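> Here is a sequence with its predicted model. Questions after.
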Amino acid sequence: MIAAIYFYSPEILIFVGNHFKINNDIWKFIPTIPLLLCGFSIKYTWKILMPLEGNNSNRMLHEWPNYWKLKYRVIVSAALCVICVFGSFTIWFFNSSLSSLTVGAIFIATIIVSLTAAASEFLAAVRVRELLEP
């Protein structure tokens, strides 16, 4: 989606990037949104893999034959959030040397990817908890 906007309607990304270039106070802190979403994602990573308290309460989940798939999905989701944090730090540190188009593309991509990963982990944690609670 970002690639399509980048090639077919780059003025949207340039508009967003220009707001970062102006250096208003609010725009200095908006790139921290992926960092907050990453923290949320890592919190829910634990709630997906260990949804119930106690030593033996998660045994059914851990003995499930497809648990390894769930675990890898959660790890990939958390890794995507960490990559988004690096992207937002790129905006923060290299804002003056990057073009407005690049800054806008990185910002929109990091927000969309980290929000999607955090939301999917939240929904997975809710669903796993629903399945395991009596």
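Thanks, I have it.
> ranges for the helices of this structure?
2-8, 10-22, 25-29, 33-49, 59-62, 67-94, 100-132 (DSSP state H).
> so what does the fifth one touch, helix or strand wise?
For helix 59-62, the contact count by 3 or more CB pairs under 8 Å, 6 or more residues apart in numbering; DSSP states H and E identifies helix 100-132 as packing neighbours. C-beta: built from backbone N, CA, C; applies to glycine.
> Show me what the helix it packs on is packed against.
helix 2-8, helix 10-22, helix 33-49, helix 59-62, helix 67-94.
> what does the average pLDDT come to for it?
What helix 100-132 shows for mean pLDDT is 91.
> Any idea which helix or strand in the protein has the lowest mean pLDDT?
Of all helical and strand segments in the chain, the minimum by mean pLDDT, DSSP states H and E falls on helix 25-29, at a mean of 74.
> Can you give me the buried ones in that one?
Buried residues in helix 25-29, counted by 16 or more other CB atoms under 10 Å: residue 27.
> which ones are touching the closest residue in space to residue 60 that isn't next to it in sequence?
In space, and not counting its chain neighbours, residue 60 is closest to residue 132: 6.5 Å by CB to CB, 6 or more residues apart in numbering. By CB atoms under 8 Å, 6 or more residues apart in numbering, the contact set of residue 132 is 51-52, 57-58, 60-61.
> What of residue 75?
Neighbouring residues of residue 75 by CB under 8 Å, 6+ apart: residue 45.
> begin at 58 from here
Done: numbering now begins at 58, and the last item shifts to residue 132.
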